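Engineer: Got a predicted model here, sequence first, then my questions.
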Amino acid sequence: MLTTCAHLDHNGCTKSMIVDFDRFSGTLTRISSHIQEWFERAQELSFPRVGIEAAKQVIGAKEILASEFNATSEIIHRLFEERGGYGKSHQVLVAPSEDEFDWMMGNITGRYNNFTINGGSTVHVFQFGTKSDSARVEKARMWTDKHRETIREVISDHASYDPFDILSAISLNPSTAPALELHRAAILVGRQSIFKKDAEIAVGLHPAASDAANVVEYCGTGIYKRNWKLYLFA
């Protein structure tokens, strides 16, 4: 039908029809490209607000127990993935309230935000510009497994310090600095208590450590225990 109309409009001149079709096709391509760029830009600007609103709406008003952290992190991860834009990837960590533990970020190559959900639990969301690369993930995992004890020793030497000092010590030590360089982001979480059980660090993580994250754990000793967990996201 379109061809018939064009044939009549151009008095049967095939060359003229081809010129107009090419012009029309180019216009459609530019419009499509502009819409795609606008859509991607809108998604960029929506982080993290849209994801946070969706997470709070889905989770509702109920308090999140420590035993539900993993399931909650998976739900929030899915919500951010659905709204995060083409090619984006996310890492979500759900932890107790900020009053219950210390934490510090390190070496973030993407975007980051945190927010509080009902009951006081804190959600940490990392957004990266690309999906996880299997080769990079495997390289980071192999290096971490080989140097895990060295990282743990550095944490042990600075266990009584604040998390900023510990991460600084890791980044300045030539033997442990690659831990931060090989990963796209890191978060150090610490908790202290006289009682061992109260010093345990329970968090929810998605993707899990077996997928795109490496974890180095240090358990404090002595009467006043201070535990640390270093999460490294590849």
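Structural biologist: Perfect, I can see it now. Numbering: from 1, shown residues only.
Engineer: Let me know the next secondary structure element after the strand or helix carrying Ala135.
Structural biologist: Here Ala135 sits within helix 134-157, counting by DSSP states H and E. For helix 134-157, the following helix or strand on the C-terminal side (DSSP H and E) is helix 163-172.
Engineer: Can you get me a residue count around Phe164?
Structural biologist: Phe164 sits with 13 neighbouring residues when counted by other Cβ atoms under 10 Å. From N, CA and C alone the C-beta is placed, and that goes for glycine too.
Engineer: start at 19 instead
Structural biologist: Okay, using 19 as the starting number, the last item reads as Phe182.
Engineer: Make sure it is actually in contact with Asp120.
Structural biologist: No: with contacts counted by Cβ atoms under 8 Å, Phe182 stays clear of Asp120, the gap being 9.5 Å.
Engineer: how close does the residue lying closest to Ser150 once chain neighbours are set aside get to His224?
Structural biologist: Closest residue to Ser150 apart from its sequence neighbours, by Cβ to Cβ, 6 or more residues apart in numbering: Ala230 at 4.8 Å. Separation of Ala230 from His224 (Cβ to Cβ, to the nearest Å): 10 Å.
Engineer: swap in Gln75?
Structural biologist: Counting by Cβ to Cβ - Gln75 and His224 are separated by 19 Å.
Engineer: So for those two, which sits in the more crowded spot?
Structural biologist: More crowded of Gln75 and His224, by other Cβ under 10 Å: His224, with 23 against 9.
Engineer: which ones are touching the more buried one?
Structural biologist: By Cβ atoms under 8 Å, 6 or more residues apart in numbering, His224 lies in contact with Asn88, Ser91, Glu92, Ile94, His95, Gln109, Val110.
Engineer: switch the cut-off to 10 Å
Structural biologist: 87-96, 99, 108-112, 230-231 (Cβ atoms under 10 Å, 6 or more residues apart in numbering).
Engineer: among these, which ones are buried?
Structural biologist: 87-88, 90-96, 99, 108-112, 230-231 (16 or more other Cβ atoms under 10 Å).
Engineer: What ranges does this structure have for its strands?
Structural biologist: Along the chain, counting by DSSP state E, strands occupy 107-113, 120-124, 129-134, 140-146, 203-211, 222-224, 231-236, 243-251.
Engineer: Can you flag the weakest of those strands by average pLDDT?
Structural biologist: The minimum mean pLDDT among the strands of the chain belongs to strand 120-124 (a mean of 81).
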